[in-house]
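**Q** Predicted model follows, preceded by the sequence.
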Amino acid sequence: MKIADLITWFEAWANPAWCESWDNCGWQIEPGVLQESARVLVCLTPTLAVMEEAIALNANLIFAHHPLIFSPPKSFRSGEPITEMARLAFTHNIGIYTAHTNFDQVADGTADVLAQILGLKDVAPIVPTQAELGYGRVGLLEPFLTLQELLTVIQNRLTPPDLIFSPSADLQQVVSRVAVLGGSGAGYISAVVKTGAQAYLTSDCKFHQFQESRDRHLILIDAGHYATERPACDRLAQKFQSLNLDWVQLSTKDEDFRQFFQA
């Protein structure tokens, strides 16, 4: 399959026109690879480490969730990460394509995969955007779990380096309805409360957002940005493999960007 055909297939599923106005979905760098047979490296974040991996593996497309460019650069200077990414992309003929907020909304996108990992049933978007699409997912646990059991499931299945949850929560309380949203989802707390969810799994939550969730009787669970979005990248790589591409692989150089000190 040519890269142009792969992108056509993908955009029929997750249209870049659905991305938010502040976002930058679609081609980040296209150095003239559209008619080449697709050799794809899938990643969460396009970084120099991922680019070096793509070069070593002879990939010609980096397919990322996070955009390389969020806003137009004012200059390109030697040594700056975006400049180096662009230089290497054109030197080695490697395209960089991003699916961000459009990928967040679709079936088997970032939120939907999280809901599947937790085994949620009767799933619906937290914030619908159009027919059968939307941000986040909310559904029922079957069987119901205590909060302690739910946290254990999250820890075992997502393996975050650090798992944070509301301090006043009772670990033995039974949880039946759970909301999930991969990445930075604390801004959706009000919408989650309206769904009747008892617990909300997301990431990048601030101190006062934990206070807000406590005051609104919602258990807020922060598993980290990487742990909540990386599984959808794995699923995307599996989808690409089913298309019988020339070659596709999930990056092994994706980074969490955080370390947790243990004395």
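**A** Perfect, I can see it now. Numbering: from 1, shown residues only.
**Q** CA atoms for contacts and neighbours, from now on please.
**A** OK.
**Q** Show me where the stretch 101-250 of the chain has its helices.
**A** Secondary structure of the stretch 101-250 of the chain (DSSP state H, counting those that start in this stretch): helices located at 101-105, 110-117, 147-158, 189-195, 207-215, 225-242.
**Q** so which of the ones you listed is the most packed in?
**A** Stretch with highest mean neighbour count among the helices of the stretch 101-250 of the chain: helix 101-105 (a mean of 27; mean count of other Cα atoms under 10 Å).
**Q** Take the helices of the stretch 101-250 of the chain and write them to TSV, including mean pLDDT and distance to Ala169.
**A** Formatted as TSV, the helices of the stretch 101-250 of the chain follow (pLDDT from 0 to 100; distance: least, Cα to Cα, whole Å):
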stretch	mean pLDDT	distance to Ala169
helix 101-105	98	29
helix 110-117	98	22
helix 147-158	97	8
helix 189-195	98	16
helix 207-215	95	8
helix 225-242	97	21
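**Q** could you dump these to a markdown table with distance to Leu61?
**A** Output for the helices of the stretch 101-250 of the chain, formatted as a markdown table (distance: least, Cα to Cα, whole Å):
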| stretch | distance to Leu61 |
| --- | --- |
| helix 101-105 | 18 |
| helix 110-117 | 21 |
| helix 147-158 | 27 |
| helix 189-195 | 36 |
| helix 207-215 | 38 |
| helix 225-242 | 12 |
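**Q** Which of these sits closest to Val42?
**A** Distance to Val42, taken as Cα to Cα, is lowest for helix 225-242 among the helices of the stretch 101-250 of the chain, at 6.2 Å.
**Q** quick check: mean pLDDT across stretch 43-50?
**A** What stretch 43-50 shows for mean pLDDT is 98.
**Q** all strands of this structure, in order?
**A** Here the chain has its strands, by DSSP state E, at 26-29, 39-43, 61-64, 95-98, 121-124, 127-130, 133-135, 137-146, 164-165, 174-184, 199-203, 219-222, 247-250.
**Q** Which of the helices of the stretch 101-250 of the chain sits closest to Ile94?
**A** Ranking the helices of the stretch 101-250 of the chain by proximity to Ile94 (Cα to Cα) places helix 225-242 first, at 17.4 Å.
**Q** Return the list of helices and strands in contact with that closest one.
**A** Identification of packing neighbours for helix 225-242 by 3 or more Cα pairs under 8 Å, 6 or more residues apart in numbering; DSSP states H and E yields strand 39-43, helix 110-117, helix 147-158, strand 174-184, strand 199-203, strand 247-250.
**Q** Turn the ones you listed into TSV, columns for distance to Gln130.
**A** TSV is the format used below for those (distance: least, Cα to Cα, whole Å):
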stretch	distance to Gln130
strand 39-43	27
helix 110-117	15
helix 147-158	29
strand 174-184	17
strand 199-203	22
strand 247-250	30
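**Q** what about those, which gets the closest to Tyr97?
**A** Comparison of these against Tyr97 by Cα to Cα identifies strand 39-43 as nearest, at 9.8 Å.
**Q** how about that closest one: buried residues?
**A** Residues of strand 39-43 classed as buried: 39-43 (neighbour count, 16 or more other Cα atoms under 10 Å).
**Q** if I look at the one residue sitting closest to the centre of the chain, how far off is Met85?
**A** The residue lying closest to the centre of the chain (Cα atoms, centre = their mean) is Glu229, at 3.0 Å. Between Glu229 and Met85 the computed distance is 22 Å (Cα to Cα, to the nearest Å).
**Q** Could you give the bridge partners of the closest residue to Gly224 other than its chain neighbours?
**A** Once flanking residues are discounted, Gly224 sits nearest to Ser203: 4.6 Å by Cα to Cα, 6 or more residues apart in numbering. Under the criterion DSSP bridges, Ser203 forms beta bridges with Ser184.
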